[in-house]
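1. When you get a sec, could you give me coordinates for this:
(one chain, ligands or ions: 1)
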Amino acid sequence: MKLILKYFPNLSEDQIIKFQRLEALYKDWNLKINVVSRKDIDELYLRHVLHSLAIAKVIAFKNGSSIMDVGTGGGFPGIPLAIMFPNCHFHLVDSIAKKLKVVNEVVEGLGLENVRTTHTRVEDIDETYDFIVSRAVAAMPTFVRWTKGKIAKKQKNDLKNGILYLKGGDLTEELKDYITTSIYNLTDFFEEDFFETKKVVHLPMKFSK
Ligand SMILES: C[S@@+](CC[C@H](N)C(=O)[O-])C[C@H]1O[C@@H](n2cnc3c(N)ncnc32)[C@H](O)[C@@H]1O
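-> Okay, the predicted model is just below:
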């Protein structure tokens, strides 16, 4: 938890309490339904919470923004972002019901009122959002195909509406067709070794292919 305050020192009391509660909720639910690996659960705040919050270093979503987390799994990056931006609307989607069971329990346990969840493949979602966030779900060409038509045209944030994807490693090949992407290195935000090769990729809606 200290780690979160190190990089986000201006959290409200309510946000601090919610972030603190995450550990017990995940530890408890992870014993019943495994959504986070054992190694990762011991480093929940580094590997999941702070990693998710890298998106908050790239953009402070304006109040009222709508964000879909595709393939949220156990709730990452959607849950930490929903705590960070209580006045934005988060839709967490996953095709595996038991993962959403954990997400729903965490949402309920925290009393998070700005999160809804849907058990479906993202291809079947028929809504639009200001941003689509994700981590570890599909390579960019597949992801773009799945999410096409799901980004709202009207822009209310400084950053153009589009995809914000947490990725790692060398992305040259994967992103070669997307010339309008911006890549943010997490080492510019966080000093821990875990973030050494990690990035946030922003792909605005009007991308060229
Ligand atoms: C490796 S997990 C990542 C989970 C989470 N984003 C994280 O980083 O901890 C990938 C998740 O994507 C989900 N998924 C894969 N394809 C999907 C699709 N087409 N629509 C919705 N969810 C999908 C899987 O069910 C799985 O929970």
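2. so how far is Lys32 from the most centrally placed residue in the chain?
-> The chain has Pro77 as the residue nearest its centroid, 2.4 Å off, counting by CA atoms, centre = their mean. Distance, Pro77 to Lys32, using CB to CB, to the nearest Å: 23 Å. Bear in mind the C-beta positions are built from the backbone N, C-alpha and C, glycine included.
3. ok, now Pro9?
-> For Pro9, the distance to Lys32 - CB to CB - is 34 Å.
4. And those two? Which one has more around it.
-> Lys32 (11 against 7; other CB atoms under 10 Å).
5. residues in contact with the helix or strand of the chain with the lowest mean pLDDT?
-> Ranking every helix and strand in the chain by mean pLDDT, DSSP states H and E puts helix 38-42 at the bottom, with a mean of 86. Around helix 38-42, the neighbours that count as contacts under CB atoms under 8 Å, 6 or more residues apart in numbering are Tyr26, Lys27, Asn30, Arg47, His48.
6. distance of the residue lying closest to Ala138 once chain neighbours are set aside from the ligand?
-> Leaving aside its chain neighbours, Ala138 sits nearest to Trp146 (6.9 Å; criterion: CB to CB, 6 or more residues apart in numbering). For Trp146, the distance to the ligand (CB to the nearest ligand atom, to the nearest Å) stands at 6 Å.
7. what residues are up against Val102?
-> By CB under 8 Å, 6+ apart, Val102 lies in contact with Tyr26, Trp29, Asn30, Ile33, Val35, Gly74, Gly75.
8. Please name the nearest non-neighbouring residue to the second one.
-> This means Trp29. Val102 (4.7 Å).
9. That neighbour is in what secondary structure piece?
-> Using DSSP states H and E, Val102 falls within helix 97-110.
10. and that helix, what's its mean pLDDT?
-> Helix 97-110 shows a mean pLDDT of 96 in the predicted model.
11. List buried residues within the contacts of helix 38-42.
-> Tyr26, Asn30, Arg47, His48 (16 or more other CB atoms under 10 Å).
12. How about the contacts made by the first one?
-> Going by CB under 8 Å, 6+ apart, Tyr26 touches Val35, Val36, Ile41, Leu44, Gly74, Val102, Val106.
13. thought the residue nearest to Ala138 was touching Val70?
-> Yes. Counting by CB atoms under 8 Å, Val70 is a contact partner of Trp146 at 7.3 Å.
14. Name the residues contacting each of those two.
-> By CB under 8 Å, 6+ apart, the residues touching both Trp146 and Val70 are Val122.
15. Looking at the two, which one has more neighbours?
-> Val70 (27 against 19).
16. surely the more buried one meets Val93?
-> Yes. The criterion here is CB under 8 Å, and Val70 meets it with Val93 at 5.7 Å.
17. which neighbours do the two share?
-> Val122.
18. picking up where we left off before, what subset of the contacts of Val102 is buried?
-> Buried, going by 16+ other CB under 10 Å: Tyr26, Trp29, Asn30, Val35, Gly74, Gly75, out of those.
19. Sort out which one of the residues you listed lies nearest the ligand for me.
-> The shortest approach to the ligand among those belongs to Gly74, at 5.7 Å (CB to the nearest ligand atom).
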